[in-house]
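Engineer: I'll drop the sequence and a predicted model, then ask my questions.
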Amino acid sequence: MPVPLTEGAIKEIMMNPNNLPKNPILQILGLKKVGQGQSNPNDRYRMVLSDGIHAHTCAMLATQLNHMVNENEIEAKAVIRLDKYICNVIQSTRKVLILLGVSVIQKASASERYGEPTPYDESKINTANKPTVQKSPVKKDHYTSTSLGSSHYANNQRSAGGPPNQNNNIGNVYPISSLNPYNSRWTICARVTSKSTIREWSNSRGNGRLFNVELIDESGEIRATCFTDLVDKFYPKLEQNKVYYISKGSVKPANKKYSSIKNDYELTFNHDTSIELCTESKDLPVLQFNFLNIANIEKIEPDQLVDVIGVCSDITDVVEITTRAGKQVAKRNLQIMDKTASITCTLWGHEAQSLEQYVGSNPIIAIKGAKVSDFSGKSISVLSSSAIHIDPDNVQESFELRQWYDTESHENINSITGQRGEGKITNVYKHVGEIAESLQGMSDKPEYFSVIGAVTYIKKENCLYKACPRKDCNKKIIEDGERYICEKCNETYSSYKYRLLLKFLFVDGSGKYWATCFQNSAESLLGMTAEQVGELMETNEKRFDRLFERGFRRGHFCVRAKIDKFNEEARLQCTFDKVLPINYKKETRRLMQELDQMIDS
């Protein structure tokens, strides 16, 4: 059944870009990706739209709607309703429609080409015979160029007799989504959602300083950077959550390595940049995230940036570490969980120290632009360009997580981070007899799985080593009489600490396997700390021997398996990262599910 298009809508839009018709229904006559290359979330799509009488050949789909193209909702011949859109006037004459929200009224498979539209050419329109079109008043909640503050809005508002204010010299205001390197005469009205600290940089070209801000309006977001001598000028001027008129910055392609914002471009402030506080009332968004479920981070490639939100189930103490450059920096780890999984997040410097007031509590933390790492599983870390928000009160996911964490059980949430001494709990189970088979087809990356069984024998020889006494260093020390030298810290100490390194035989009904475990998991296995084991070795040899004679230590063991090469020979190295008591209720349910699957197959 044909869908009636909003005839005359194209002409009305082109002739009155500051007073757009509400929710016109148009047909897509053409759809083309701008540029070449593989598909990515920031692709731009250009469309030809028709109202049955005229066609407009320059309409751009906002990147946040790309999923509708990928899911074949938006394609040629489909009929759509424009729910949110703006008309951007470029170089006084060229008009570009930017579609920010659309609804599919009729799919392409059920449509045909409606009408005989001709390209709209304003120069050929007989304005003398132009019919009068009754305009409906623009409502505050209608997403047009006026509600957004796009081209000509500021001037039109003042000419309509609005109250005088200090922003009277502001020129044409454009939406963030319309910024590109080919138009240098622009002004945006945007809110600062995030402001970084001032950072120093040094490379072969010299030294300098910089800071970043993230800006948002109703059309989208963009990241802006300020360098060197302009830092002192603009840093105190920009405040988080305030709205500014900004103009005359440099627009360049965005470096996705440092930002998770969905925008192809970013801004750089220069000597011509003008920043003026907006004194008018602007209803602009405050925060914009693209949250990813924590469990899905396992599928993300290392060094990618993601937005994540979760409950801090654990906040460790701050430790001071020495970087390779010899600098002392503060470090703190968080355990963040949502309904799907948990992950370890590392904070550095000022961000690590700023969370001291939350130690012992479980705040909601939202992070924009966290960097993904695949060291010992998947983890994330906060960069200097990342934005952290604690207990955000204007993010719906924050309220949902708080209610879930406070009212429901979260004991069975698995971690996708596996670090030595902490381990990664996974739902992948294997029998001991299957471990050796893992060697075939295994990549260089470690694999994680769980086994249920018993330790029957532990080697007591070389089960301990003397390590650097610093809390954040576990390097084996070199003994020089009564002095102990740490090559990593380049320091000499008068004492040391013991660290455990156990080799043991593990068995279940399918076979046996030699494996290794370090400090925390080794202490769990022996039921004693490394210092206690060291004291027994030095003072009570019989009790020390009996500690290793006790066999059949049953448990749930979290295994990290990785291929190591020795003399060009590949060997499978298994490390037991975590030792847990067996949850018999959970294991019974798991075994029953496995039996049901076997019966069904």
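Structural biologist: All right, it came through fine.
Engineer: Please make it C-alpha for all contacts and neighbour counts, starting now.
Structural biologist: Fine.
Engineer: where are the low-confidence patches of the stretch 351-500 of the chain?
Structural biologist: Where the stretch 351-500 of the chain drops to pLDDT under 70, the residues are 375-376, 418-427, 438-444.
Engineer: All the strands of it, residue numbers only.
Structural biologist: 364-373, 379-390, 447-458, 464-467, 478-480, 483-486, 491-493, 497-508 (DSSP state E, counting those that start in this stretch).
Engineer: right, so those strands: which one is the most enclosed?
Structural biologist: Neighbour counts (mean count of other Cα atoms under 10 Å) averaged over each of the strands of the stretch 351-500 of the chain peak at strand 364-373, with a mean of 23.
Engineer: Distance to Leu238 added to the strands of the stretch 351-500 of the chain, as TSV?
Structural biologist: Formatted as TSV, those follow (distance: least, Cα to Cα, whole Å):
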stretch	distance to Leu238
strand 364-373	19
strand 379-390	16
strand 447-458	46
strand 464-467	48
strand 478-480	53
strand 483-486	46
strand 491-493	44
strand 497-508	49
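Engineer: nearest to Ser313, of the ones you listed?
Structural biologist: Across the strands of the stretch 351-500 of the chain, Ser313 has its closest neighbour in strand 364-373 (9.3 Å, Cα to Cα).
Engineer: List of residues touching that closest one?
Structural biologist: Applying Cα atoms under 8 Å, 6 or more residues apart in numbering, the contact partners of strand 364-373 are 258-261, 289, 297, 300-312, 336, 378-383, 385-392, 398, 401-402.
Engineer: In PyMOL, how would I select just the buried ones from those?
Structural biologist: This is the PyMOL syntax for the buried subset of the contacts of strand 364-373, where burial follows 16 or more other Cα atoms under 10 Å:
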select buried, resi 258+259+260+261+289+297+302+304+305+306+307+308+309+310+311+312+336+378+379+380+381+382+383+385+386+387+388+390+391+392+398+401+402
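Engineer: According to the record, where do the domains of the protein fall?
Structural biologist: The chain is divided into the following domains under automatic domain parsing: 9-145, 153-277, 294-407, 432-596.
Engineer: in this protein, which spans are helices?
Structural biologist: 9-15, 66-70, 145-148, 153-159, 231-234, 349-354, 396-407, 432-435, 519-526, 530-539, 541-549, 584-600 (DSSP state H).
Engineer: right, so the ones you listed: which one is the most enclosed?
Structural biologist: helix 145-148 (a mean of 22).
Engineer: For that helix, give the mean pLDDT please.
Structural biologist: Rounded to a whole number, the mean pLDDT of helix 145-148 is 32.
Engineer: cool, stretch 221-237 as well?
Structural biologist: Stretch 221-237 carries an average pLDDT of 93.
Engineer: Need the distance between the two termini of that stretch.
Structural biologist: Start and end residues of stretch 221-237 are separated by 20 Å (Cα to Cα, to the nearest Å).
Engineer: what residues does it touch?
Structural biologist: Residues outside stretch 221-237 that contact it (Cα under 8 Å, 6+ apart): 176-177, 198, 208-216, 259, 261-263, 265-271, 288.
Engineer: Just the buried residues of it, please?
Structural biologist: Quick answer for stretch 221-237 (16+ other Cα under 10 Å): Glu221, Ile222, Arg223, Ala224, Thr225, Cys226, Phe227, Leu230, Val231, Phe234, Tyr235.
Engineer: Most widely separated two among these?
Structural biologist: Pairwise distances across these peak at 22.3 Å for Glu221 and Leu230 (criterion: Cα to Cα).
Engineer: Export the buried residues of stretch 221-237 to JSON lines and append columns for distance to Val372.
Structural biologist: As requested, these are exported to JSON lines (distance: Cα to Cα, whole Å):
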{"residue": "Glu221", "distance to Val372": "22"}
{"residue": "Ile222", "distance to Val372": "21"}
{"residue": "Arg223", "distance to Val372": "20"}
{"residue": "Ala224", "distance to Val372": "23"}
{"residue": "Thr225", "distance to Val372": "23"}
{"residue": "Cys226", "distance to Val372": "26"}
{"residue": "Phe227", "distance to Val372": "26"}
{"residue": "Leu230", "distance to Val372": "32"}
{"residue": "Val231", "distance to Val372": "29"}
{"residue": "Phe234", "distance to Val372": "31"}
{"residue": "Tyr235", "distance to Val372": "29"}
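Engineer: Grab the nearest non-local neighbour of Asn290.
Structural biologist: With Cα to Cα, 6 or more residues apart in numbering as the measure, Asp307 is the residue that lies nearest to Asn290, at 5.7 Å, once sequence neighbours are left out.
Engineer: contacting residues around that neighbour?
Structural biologist: Asp307 sits in contact with Ser260, Phe289, Asn290, Phe291, Leu292, Ala366, Ile367, Lys368, Gly369, Ala370, where contact means Cα under 8 Å, 6+ apart.
Engineer: avg pLDDT for stretch 8-21?
Structural biologist: Stretch 8-21 comes out at a mean pLDDT of 88.
Engineer: And Asn362, how close does it get to Thr417?
Structural biologist: 19 Å.
Engineer: Compare the two (neighbour count), which wins?
Structural biologist: Taking other Cα atoms under 10 Å, Asn362 and Thr417 do not tie; Thr417 has more neighbours (26 against 18).
Engineer: I'd assumed Cys345 was in contact with the more buried one.
Structural biologist: No. Assessed by Cα atoms under 8 Å, Thr417 is found out of contact with Cys345, at 9.3 Å.
Engineer: Mutual contacts of the two, please.
Structural biologist: Common neighbours of Thr417 and Cys345 (Cα under 8 Å, 6+ apart) are Ser379.
Engineer: Run a quick neighbour tally on Val280.
Structural biologist: In this structure residue 280 is Glu, not Val. The number of residues near Glu280, taken as other Cα under 10 Å, comes to 13.
Engineer: gap between it and Ser177?
Structural biologist: 21 Å.
Engineer: for Ser409, same thing?
Structural biologist: For Ser409, the distance to Ser177 - Cα to Cα - is 42 Å.
Engineer: These two: who's more crowded?
Structural biologist: Legend: neighbour count by other Cα under 10 Å for Ser409 and Ser177, higher for Ser177 (23 against 9).
Engineer: Might you report the residue contacts of the more buried one?
Structural biologist: Per Cα under 8 Å, 6+ apart, neighbours of Ser177: Ala62, Ile98, Ser219, Gly220, Glu221, Asn263.
Engineer: so of those residues, which ones are in strands?
Structural biologist: Ile98, Gly220, Glu221 (DSSP state E).
Engineer: so where's the stretch 1-150 of the chain uncertain?
Structural biologist: Flagging of the stretch 1-150 of the chain using pLDDT under 70 yields the residue ranges 1, 35-42, 90-93, 122-150.
Engineer: quick one, strands of it?
Structural biologist: 25-34, 44-50, 54-61, 79-90, 94-106, 118-119.
Engineer: sorry, back to before: ok, the buried residues of stretch 221-237 vs Met14, which is closest?
Structural biologist: Closest approach to Met14 among those (Cα to Cα): Glu221, at 26.1 Å.
Engineer: Would you mind naming the residues that bridge with the closest one?
Structural biologist: In this entry, Glu221 is beta-bridged to Ile216, by DSSP bridges.
Engineer: And for Ala561?
Structural biologist: Applying DSSP bridges to Ala561, the residues it is bridged with are Glu447, Cys574.
Engineer: For it, give me the pLDDT.
Structural biologist: So, for Ala561, pLDDT stands at 83.
Engineer: same question, the one 4 residues further on
Structural biologist: Among the per-residue scores, Lys565 holds a pLDDT of 72.
Engineer: Just confirm it contacts Arg571, I think it does.
Structural biologist: Yes. Between Lys565 and Arg571 a contact is recorded at 6.0 Å, counting by Cα under 8 Å.
Engineer: At the geometric centre of the chain, which residue do we find?
Structural biologist: Val306 (1.3 Å; Cα atoms, centre = their mean).
Engineer: Tell me how far that one lies from Asp83.
Structural biologist: 28 Å.
Engineer: and what of Leu210?
Structural biologist: 39 Å.
Engineer: Can you give me the distance of Glu301 to Lys371?
Structural biologist: Going from Glu301 to Lys371 by Cα to Cα gives 10 Å.
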